[in-house]
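**Q** Coordinates only, no sequence provided:
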């Protein structure tokens, strides 16, 4: 039996981190894989639990088999997997867990609330996804439907003892007039770059289909309306009015890919790029374009900065808290402004060098040990005296 998944030696506090996505092609899954690597390396009192029919259990990773599995028409890339709640309850009790953190609003979120009811355990929620933006942009809900969704989210999140957020906008939303959560229940946290992005000398160069001697603008992420990818063609056309040789590289997949290919047939479409190849891709590009108002944090921003790649993003949510405007990237309000700062960036070679150095420095401030220690403290797994050692 894996000692990391069962028992409670010494009566220490232990955290079960529950999620509906792990091993999938999305940002939450990638972030949680990074969490798993760190808690395993540091042997922290945390285990992740996921429902999957294909993944094996591992140190600090508990996998339960689904009793049912299906997809939703508006997000076919992500499978919905229903666990056996009785099995989840048995694992929680046998593992000696004292607290729960959940990262997704799906079946595992309801399993977490079930455990709270059965064991009176403290249950926290890690808010990764902006479902209101998704509802407006991807589902095209009318304002009345968005308001109803907000009320449902308010009822759902209120059942958790604490909520962890990744940006100041979400903190303001939860504690403001619309959601009215007690600020004492809402905590900040963050993600960190995988070590692969810190060891660039060991990164193998990626074979790229574009000309590295010409300007290269990169988009990396899900190709969907809520990610703002439908704005990219107009932005690139404005940039090419001044710099016609600019190349657009798109890394990712999603429902908007075909529309993008029709409107921008000369772009380089790389599909899903595995993480070990990303540093080489970032190093081969000049600028990362992020026309999304959806990202609650955006790991791609930190990853790019680790490779000295400045970022152009909208002045909202996660990117707003990471990018320092005109220092290591640009924060803008409109697509026209986004095109304008890309042009300014290419017009000033000296500034490009300075911004690349500043991007390295900014990424270095996101460290796994600091972020995880703060999370352990805020969830109550460790106390203040332990973090000061």
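**A** Looks like it arrived, so ask away. Predicted model only: the values in this text are computed from it and were never measured.
**Q** Outline the domain layout of this protein.
**A** 9-192+367-387, 195-363 (automatic domain parsing).
**Q** start to end distance for the shortest one?
**A** Spelled out, it's domain 195-363. Start-to-end span of domain 195-363 (CA to CA, to the nearest Å) is 12 Å.
**Q** would JSON lines of the domains of the chain with mean neighbour count and mean pLDDT be doable?
**A** To be clear about C-beta, it is placed using only N, CA and C from the backbone, and glycine gets the same treatment. Listed next are the domains of the chain as JSON lines, based on neighbours: other CB atoms under 10 Å; pLDDT from 0 to 100:
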{"stretch": "domain 9-192+367-387", "mean neighbour count": "17", "mean pLDDT": "93"}
{"stretch": "domain 195-363", "mean neighbour count": "19", "mean pLDDT": "94"}
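**Q** who's in contact with residue 106?
**A** For residue 106, the contacting residues are 20, 80, by CB atoms under 8 Å, 6 or more residues apart in numbering.
**Q** whoops, residue 359 was the one
**A** Contacts of residue 359 (CB under 8 Å, 6+ apart): 304-305, 308-311, 328-329.
**Q** how about those in TSV, adding secondary structure and distance to residue 268?
**A** Shown next, in TSV, are the contacts of residue 359 (DSSP: H, G, I helix; E, B strand; the rest coil; distance: CB to CB, whole Å):
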residue	secondary structure	distance to residue 268
304	helix	17
305	helix	22
308	coil	21
309	coil	16
310	coil	20
311	strand	19
328	coil	25
329	strand	22
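**Q** Pick out whichever of the residues you listed sits closest to residue 289.
**A** residue 311 (8.1 Å; CB to CB).
**Q** ranges for the strands of the stretch 101-250 of the chain?
**A** 122-126, 162-165, 186-188, 216-220, 247-251 (DSSP state E, counting those that start in this stretch).
**Q** The second one: how far from the chain's middle?
**A** Here strand 162-165 shows a centroid-to-chain-centroid distance of 15 Å under the convention CA atoms, centre = their mean, to the nearest Å.
**Q** Just list the residues touching the residue nearest to residue 127 when sequence neighbours are not counted, thanks.
**A** Counting by CB to CB, 6 or more residues apart in numbering, residue 127 lies nearest to residue 165, which is 5.2 Å off, once chain neighbours are set aside. Contact partners of residue 165, counting by CB under 8 Å, 6+ apart, are 127, 171, 174, 186-189, 296.
**Q** could those residues go into JSON lines alongside distance to residue 344?
**A** Output for the contacts of residue 165, formatted as JSON lines (distance: CB to CB, whole Å):
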{"residue": "127", "distance to residue 344": "35"}
{"residue": "171", "distance to residue 344": "32"}
{"residue": "174", "distance to residue 344": "36"}
{"residue": "186", "distance to residue 344": "37"}
{"residue": "187", "distance to residue 344": "37"}
{"residue": "188", "distance to residue 344": "32"}
{"residue": "189", "distance to residue 344": "34"}
{"residue": "296", "distance to residue 344": "28"}
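**Q** and which of those residues is nearest to residue 342?
**A** residue 296 (24.3 Å).
**Q** Nearest residue to the closest one in space, please, no chain neighbours.
**A** Using CB to CB, 6+ apart, the closest residue to residue 296 is residue 166 (4.8 Å).
**Q** do you know how far that neighbour is from residue 327?
**A** Residue 166 sits 21 Å away from residue 327, going by CB to CB, to the nearest Å.
**Q** With residue 313 instead?
**A** 13 Å.
**Q** Could you do residue 244 as well?
**A** 29 Å.
**Q** Present the strands of the stretch 101-250 of the chain as TSV; the columns should include distance to residue 89.
**A** What follows is those, written out as TSV (distance: least, CB to CB, whole Å):
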stretch	distance to residue 89
strand 122-126	14
strand 162-165	22
strand 186-188	27
strand 216-220	40
strand 247-251	41
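**Q** what about those strands, which gets the closest to residue 31?
**A** Nearest to residue 31, of the strands of the stretch 101-250 of the chain and by CB to CB, is strand 122-126 at 9.5 Å.
**Q** what sits up against the closest one?
**A** 98-103, 109, 112-113, 115-116, 157, 159-164, 189, 379-380.
**Q** Let's see that with 6 Å instead.
**A** For strand 122-126, contacts defined as CB atoms under 6 Å, 6 or more residues apart in numbering pick out 99-103, 112, 116, 160-164, 379.
**Q** Just the ones in helices from those residues, please.
**A** 112, 116, 379 (DSSP state H).
**Q** circling back: and which of the contacts of residue 359 is nearest residue 371?
**A** Comparing those against residue 371 with CB to CB places residue 305 closest, at 15.8 Å.
**Q** pretty sure the closest one contacts residue 362?
**A** Yes: if you go by CB atoms under 6 Å, residue 305 and residue 362 touch, sitting 5.4 Å apart.
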